[in-house]
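Novice: build the 3D model from these lines:
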Amino acid sequence: MKLIKKLAAGITTCIILSGLTFSSVQAHMMVAQHGTINLVDDGAFMVLSLPVSAFHFLDNSLTELDGSDAADGSDGSDGSDGSDGSDGSDDVDKKIGNISMSNLSIDQNNDGKLSSDELQKHRQQISRIILQRVSLSDATGPLPLQGLIISLASHGSPKQPSDQIIVMGKFKLSNSQDPLIFENQLFGKSFSEQVIDMSVTRQEDKQKQVFQVSANAPSHRLFPAK
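Specialist: Predicted structure coming up:
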């Protein structure tokens, strides 16, 4: 039984990697602020180019949120004990003010780009943000994203810092016929980073769909019924 489970796990891994190998070829040609989804059998293989500045902004927000939670739960004072009824906001400002900006961002030197060293240091954090902010959902909810791969948008220079991050992975489909909704909540600071052009291909019937997601409209339904 253990041998069968190991073989099954190995086969699954090979299938994912074979799809991602094809996607990795696409990644080298991926234009900034573009993405592709390739629907094949029970998988949706995604390649997405995301701006580094999106992670910079979210990292600050998450840190502030953590500090806010800690402050709000410090003493629960409403002024009834003779205090001024402070909600702890001053404490939050002090905590955030005591943390240097480099500790709040994946872009540690604040040059607007991510180096290979910065990527390696913050890879786990970047992965967590992607899993929270990029999704493909069916009627039951968000689908699992497997085999997540993160790299710099090198364009032939893998060690060169980049202002874009390439994300690759496979969404496990429950039913290839189910309606799907893609959503991305990672957009950058500049105007050009507020929109991502998406291209979706469905191998079953060779259908192709092109659309945009933006900060104002972050989700889109794939192949809606006519």
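Novice: okay, the spatially closest residue to residue 211 that is not a sequence neighbour: pLDDT?
Specialist: Leaving out its chain neighbours, the residue that sits closest to residue 211 by Cβ to Cβ, 6 or more residues apart in numbering is residue 220, at 4.9 Å. The C-beta positions use only the backbone N, C-alpha and C, and glycine is treated the same way. For residue 220, the pLDDT comes out at 98.
Novice: and residue 22, by the same measure?
Specialist: At residue 22, the pLDDT value in this model is 44.
Novice: grab the CA positions of stretch 118-131 and hand them over as PDB.
Specialist: Only the C-alpha atoms of stretch 118-131 are listed here, as PDB (Å, rounded to 0.1, in the frame of the first residue of the first chain):
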ATOM      1  CA  GLU A 118      15.800  39.600  -1.900                       C
ATOM      2  CA  LEU A 119      13.700  37.000  -3.700                       C
ATOM      3  CA  GLN A 120      15.400  34.100  -1.800                       C
ATOM      4  CA  LYS A 121      15.100  35.900   1.500                       C
ATOM      5  CA  HIS A 122      11.400  36.600   1.100                       C
ATOM      6  CA  ARG A 123      10.300  33.700  -1.000                       C
ATOM      7  CA  GLN A 124       8.100  32.200   1.700                       C
ATOM      8  CA  GLN A 125       6.400  35.500   2.400                       C
ATOM      9  CA  ILE A 126       5.800  36.100  -1.300                       C
ATOM     10  CA  SER A 127       4.300  32.600  -1.700                       C
ATOM     11  CA  ARG A 128       1.900  33.200   1.100                       C
ATOM     12  CA  ILE A 129       0.700  36.500  -0.400                       C
ATOM     13  CA  ILE A 130       0.200  34.900  -3.800                       C
ATOM     14  CA  LEU A 131      -1.800  32.100  -2.300                       C
END
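Novice: strands along this structure, start to end?
Specialist: 34-40, 43-51, 134-138, 141-142, 145-152, 164-172, 180-184, 195-202, 207-214, 219-222 (DSSP state E).
Novice: which strands or helices does the last one pack on?
Specialist: For strand 219-222, the contact count by 3 or more Cβ pairs under 8 Å, 6 or more residues apart in numbering; DSSP states H and E identifies strand 180-184, strand 207-214 as packing neighbours.
Novice: rerun at 6 Å
Specialist: Helices and strands touching strand 219-222, by 3 or more Cβ pairs under 6 Å, 6 or more residues apart in numbering; DSSP states H and E, are strand 180-184.
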